[in-house]
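> No letters, just coordinates:
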């Protein structure tokens, strides 16, 4: 879905109420702005966390990929 919103001279813009409601921002909140080669992406905090988890998950199956594995390897290397 594409929606046109106006940007004021001071750089403010308003998300339509129905979008805010669907995103759980009906009573306010924060969004995160990512600038990509394809344009600007707005994400809620929950979407940012889900995106970060998805990125981290690809390293979960790599040997030594977990924090616990990393710490265990560091302890082993230090001889303690």
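Sure thing, it's come through. Because the structure is predicted, anything quoted here is derived from the model rather than measured.

> tell me which element the residue nearest in space to the middle of the chain falls in.
Compute the mean C-alpha point of the chain, and by C-alpha atoms, centre = their mean the closest residue is residue 48, 1.7 Å away. Residue 48 belongs to helix 45-57 when assigned by DSSP states H and E.

> Quick one: distance of the very next helix or strand once past that helix to the chain centre.
Where DSSP H and E defines the elements, the next helix or strand beyond helix 45-57 is helix 67-78. With C-alpha atoms, centre = their mean, to the nearest Å as the basis, helix 67-78 stands 28 Å off its chain's centre.

> pLDDT on helix 67-78, on average?
Mean pLDDT, computed over helix 67-78, is 80.

> quick check: angle from that helix to helix 45-57?
Interaxial angle, helix 67-78 versus helix 45-57 (axes from the mean of the first three to the mean of the last three C-alpha atoms, to 10 degrees): 50 degrees.

> and helix 67-78, which residues are buried?
When burial is assessed from 16 or more other C-beta atoms under 10 Å, helix 67-78 yields no buried residues. Where C-beta positions appear, they are placed from N, C-alpha and C, glycine not excepted.

> So which other helices or strands are in contact with it?
Packed against helix 67-78 by the contact rule (3 or more C-beta pairs under 8 Å, 6 or more residues apart in numbering; DSSP states H and E) you find no helix or strand.

> Endpoint to endpoint, stretch 27-36 covers what distance?
28 Å (C-alpha to C-alpha, to the nearest Å).

> Mind picking out the helix or strand in this structure with the poorest mean pLDDT?
When the helices and strands of the chain are scored by mean pLDDT, DSSP states H and E, helix 67-78 comes last with a mean of 80.

> got a list of contacts for the helix holding residue 48?
24, 29-30, 32, 43 (C-beta atoms under 8 Å, 6 or more residues apart in numbering).

> Pull up the gap between the nearest residue to residue 24 once chain neighbours are set aside and residue 5, please.
Sequence neighbours aside, residue 44 is the residue nearest to residue 24 in space, at 6.6 Å (criterion: C-beta to C-beta, 6 or more residues apart in numbering). Applying C-beta to C-beta, to the nearest Å, the value for residue 44 to residue 5 is 17 Å.
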